[in-house]
Structures are given as structure tokens and as C-alpha cells.
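Visitor: After the sequence you'll find the predicted model.
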Amino acid sequence: RWVHVPSSRLKTNKYQLINNHKKQITIMANSAIIMAYVGVALMVGLAGIASAIGTAICGQAAVGAMKKNGGAFGSYMVLSALPGSQGLYGFVCFFMVTIVYPLVGPAITPAQGAAVLGIGLLVGMVNLLAAIYQGKVCANGIAAIGNGNDVFGKTLILAAFPELYAILGVAATFLISSSL
């Protein structure tokens, strides 16, 4: 059913449509930057938490091992430091999306905001799990060294496997960021 609308109301509706469109664009832009900041927070935050957990797991094992074999403190320290690298990977990815490929900023598109959020989830979760499991590998190596076994080199090799996946997260960040 057709309704006659006076031309004076059409002009008002036209301007209302333009204002509504501007509001939608503003909401989309704000959503994009919010997604990007959440992604960056996850990227750096989870990676930092990951390193704290992983190094604490190793540190606890090192304290226990020093009771039996205090002379191997250097080996304990090196193995305890390995899970700390995941926190550094989070910062590398942060610099990648903010400085190397400046994706986070006022001109960010919704697709870029979603990509940074996805990168943040990827980097954060991969580093979280890699650091925890690397910490467990290193803690077992520390316990074995404390018991007098010569397993330092073998533990380093085994600890490199979870590290590989954290490095792949950095590589994925590079590939995704450079394609946007």
C-alpha cells in the first residue's frame, strides 16, 4: 500500500539517513580499533603470563633439585629461562602489528581489526601452551640433573619442540600482517 509523504518530510528523512550512516561508520571504526586493542592485549598479556607460568614451573623444580645437587645451578638456570622466550615472542608480534606493519591506528578497517584480534588469540594461546609444556619438559630435565643424570643437552633438544610452535606463531603473525 502506497502512502503519500510530503516532500518536506523526505528531506528530513534524507538527512536522518545520512546521520544514521555516519553513526554506523563511526561504530564500525570504533569496533575495529577495539578488536585490535583486545587482540594486542591478548597477544602480549597471554604471552607474558605464559612465560611467568613456564619459568615458575622450572624454578620450583630447580629449588627442589638444588637440595640434591647444588653444583648444577648453571644448568638449572638455563633450563628455567627457556620458557621466558614466549613472552618475548608476544612483544615481537606486538611490534610487528603496531610498528612494522602499522595495523593498529585511527585508520584501521574492520577487516584489519578482526585480523589483529585473530593474531592476538593465535599468538596468546600458542605461547601460553608452548611455555607451560616447555616448562614441564625443562622441569623434568632439572629433576633428572638433580638426581645426577647427564641430560642437559638432551633436555635442551626436547625443549626446542614446544618452542618451535611459538616461533611458528611469530611467522604466522608476519605472514598475516604483511598481507593486510
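Guide: That came in fine, so what should we check first?
Visitor: how many other residues sit next to A143?
Guide: A143 has 17 neighbours, counted by other C-beta atoms under 10 Å. Yep, even glycine has a C-beta here, placed from its N, CA and C like the rest.
Visitor: Distance-wise, check it relative to N149.
Guide: Here the criterion is C-beta to C-beta, to the nearest Å. By it, A143 lies 9 Å from N149.
Visitor: Show me the residue at the heart of this protein, geometrically.
Guide: Taking C-alpha atoms, centre = their mean, the centroid of the chain lies closest to M43, which sits 2.4 Å from it.
Visitor: Tell me which other helices or strands the helix or strand hosting F174 touches.
Guide: Element membership for F174, per DSSP states H and E: helix 152-179. If you count contacts as 3 or more C-beta pairs under 8 Å, 6 or more residues apart in numbering; DSSP states H and E, helix 152-179 packs onto helix 73-81, helix 85-95, helix 110-146.
Visitor: Which helix or strand contains the residue nearest to the centre of the chain?
Guide: Residue-wise, M43 maps onto helix 7-68 under DSSP H and E.
Visitor: follow-up on the earlier one: what would the helices and strands packed on helix 152-179 look like in a markdown table with distance to T55 and mean pLDDT?
Guide: Shown next, in a markdown table, are the helices and strands packed on helix 152-179 (distance: least, C-beta to C-beta, whole Å; pLDDT from 0 to 100):
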| stretch | distance to T55 | mean pLDDT |
| --- | --- | --- |
| helix 73-81 | 6 | 96 |
| helix 85-95 | 9 | 95 |
| helix 110-146 | 7 | 96 |
